[in-house]
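In: below are the sequence and a predicted model for it; my questions follow.
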Amino acid sequence: MTIVSKGLIVGGGIAGLSSAIALQQAGVQCDVAEIGDLRPVGAGIGLAGRAPDALDELGVYDQVVATGQLGLGRPVMYDAAGGVLSAAPPPDDIPGAREPIGGYRPALAEILVKRATELGARVETGMSIESIVDTADATVVTMTDGEVRSYDFVIGADGINSRTRSLAFPDAPEVRYAGQMSIRWVFPSDPVDGEGWYISGEMGRMAFYHQPYPNAMYCPMVLNLPRTKMSQQEAYEFVKRFLDTYTAPAIVELRKHLTPESELIVRPFDWMLMGKPWHRGRTLLIGDAAHATTAHMGMGGGMALEDGVVLAQCVTTAASLEEAYETFFDRRFERVKTVVETSVTLSEREQQNLPPGPENGRLMGRAMGVLAQPY
Ligand SMILES: Cc1cc2nc3c(=O)[nH]c(=O)nc-3n(C[C@H](O)[C@H](O)[C@H](O)COP(=O)(O)OP(=O)(O)OC[C@H]3O[C@@H](n4cnc5c(N)ncnc54)[C@H](O)[C@@H]3O)c2cc1C
């Protein structure tokens, strides 16, 4: 028998759903309260390191592979005209780990929700929490619809601007802007020749990848800009100007697909790393709520998947909730710290216009060495 039987998970993103699945698999009943409608943005997601192993433990590996592709390609940086600036060998395989997956976020979310629900998790949308109060043997949560519920534990998996964190840790470190904005452009398309790693431009860099499912082009852009909110029209004007700085034939071809109605997802690269502890009483933070960073390693989602799997392992082997939470922190901190710090350093180097040469390779290699260890 596990030390807990019923918990609330706040947030139905990658961390929330992976922990719901893993805990349900371990016999713990989970409610997931998701503030939104669980329709994630249509972007791609790379799942590398041991993230595919975590997908396997969650019982969804084959389904995720079926909606994505195996392998993330060779890291090559091109100039705005399409010439090669730098090329690194493909990252070393991690012994015993599965191949990285180039996935599609909405498909991943759909698969995780379906799996969690099939295992018995109750996933509610348009729902959040107002307050959390621990009593001697339970935690009492007031939901945003006014209902008062009693649980054995609460998991805050509500992302970088976590409400759970602000309730449980009013003294948590501030979220900081890394100095770069991300714009992701997705549109229905067949493959375009020249697909590869990043193409450096005057205002930042961009890449493009074809996603076989759902036959779409995914173009992530990383831009050195002040933190800014952009309307759809502003984002369109900006991307139009940005693409006009390229003469690489593939980008000129892609540029023809940009319209004022194009799907453009604008996000700041913010980051935050909580030190010890990640729990207060019966409430624990996981995923971006505890450790968020830029996408320079493309590992935040992988860390969120691992968090879910490891949390369930800790809950099923510990003698108390306190011990489970302590062990969880000890097993997770070094890995996520490596991802947060390496990503922020890579972002800083990029903003200083340092060449993406051997030093970036060394930083990535060191970080991947840590992530190669079992989680
Ligand atoms: C541009 C970009 C590209 C990235 N690319 C990659 C990549 O290729 N590979 C990779 O591994 N990682 C990538 N990441 C990182 C990855 O997206 C995150 O680390 C991951 O989504 C974190 O998962 P999470 O569940 O902790 O948080 P989130 O994905 O933010 O999910 C949090 C969930 O909680 C919900 N929520 C928020 N507030 C509340 C509330 N008050 N009550 C209830 N619910 C709430 C949200 O609606 C959301 O569904 C990228 C990040 C960015 C910004």
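Out: Noted; the coordinates are in hand.
In: any idea how many residues pack against the nearest residue to Leu70 once chain neighbours are set aside?
Out: Once its chain neighbours are removed from consideration, Leu70 has its nearest residue in Glu99; the separation is 4.7 Å (C-beta to C-beta, 6 or more residues apart in numbering). To be clear about C-beta, it is placed using only N, CA and C from the backbone, and glycine gets the same treatment. Taking other C-beta atoms under 10 Å as the neighbour definition, Glu99 ends up with a count of 14.
In: and the gap between Glu99 and the ligand?
Out: Here the distance between Glu99 and the ligand works out to 15 Å (C-beta to the nearest ligand atom, to the nearest Å).
In: next one: Val133
Out: The spacing between Val133 and the ligand, counted by C-beta to the nearest ligand atom, is 17 Å.
In: can you check His279 too?
Out: 16 Å.
In: doesn't Ala290 make contact with that residue?
Out: No: the pair His279 / Ala290 is not scored as a contact, 9.7 Å apart, by C-beta atoms under 8 Å.
In: neighbour count winner among the two?
Out: Set side by side, His279 and Ala290 give different neighbour counts by other C-beta under 10 Å, the larger being at Ala290 (31 against 24).
In: got the contact list for that one?
Out: For Ala290, the contacting residues are Gly156, Arg165, Leu273, Met274, Trp278, Val336, by C-beta atoms under 8 Å, 6 or more residues apart in numbering.
In: how about it, phi and psi?
Out: Note on Ala290: its backbone torsions stand at phi -110, psi -30 [degrees, to the nearest 10].
In: distance of it from Trp278?
Out: Distance, Ala290 to Trp278, by C-beta to C-beta, to the nearest Å: 5 Å.
In: could you do Leu258 as well?
Out: Distance, Leu258 to Trp278, using C-beta to C-beta: 42 Å.
In: pick out whichever of these two has more residues nearby.
Out: Taking other C-beta under 10 Å, Leu258 and Trp278 do not tie; Trp278 has more neighbours (26 against 17).
In: now do that one, the pLDDT please.
Out: The model reports Trp278 with a pLDDT of 98.
In: quick one: which of the contacts of Ala290 has the most company?
Out: Of all the contacts of Ala290, the most densely surrounded is Gly156 (31 neighbours; neighbours counted as other C-beta under 10 Å).
In: does that one touch Arg282 like I think?
Out: No: counting by C-beta under 8 Å, Arg282 is not a contact partner of Gly156; they are 11.2 Å apart.
In: confirm Gly159 sits in a strand?
Out: No: assessed with DSSP: H, G, I helix; E, B strand; the rest coil, Gly159 is coil; it does not lie in a strand.
In: right, and it touches Asp288 too?
Out: Yes: with contact defined as C-beta under 8 Å, Gly159 reaches Asp288; the gap is 4.8 Å.
In: higher neighbour count, the two?
Out: Here Gly159 and Asp288 are compared on neighbour count by other C-beta under 10 Å; more neighbours surround Asp288, at 29 against 21.
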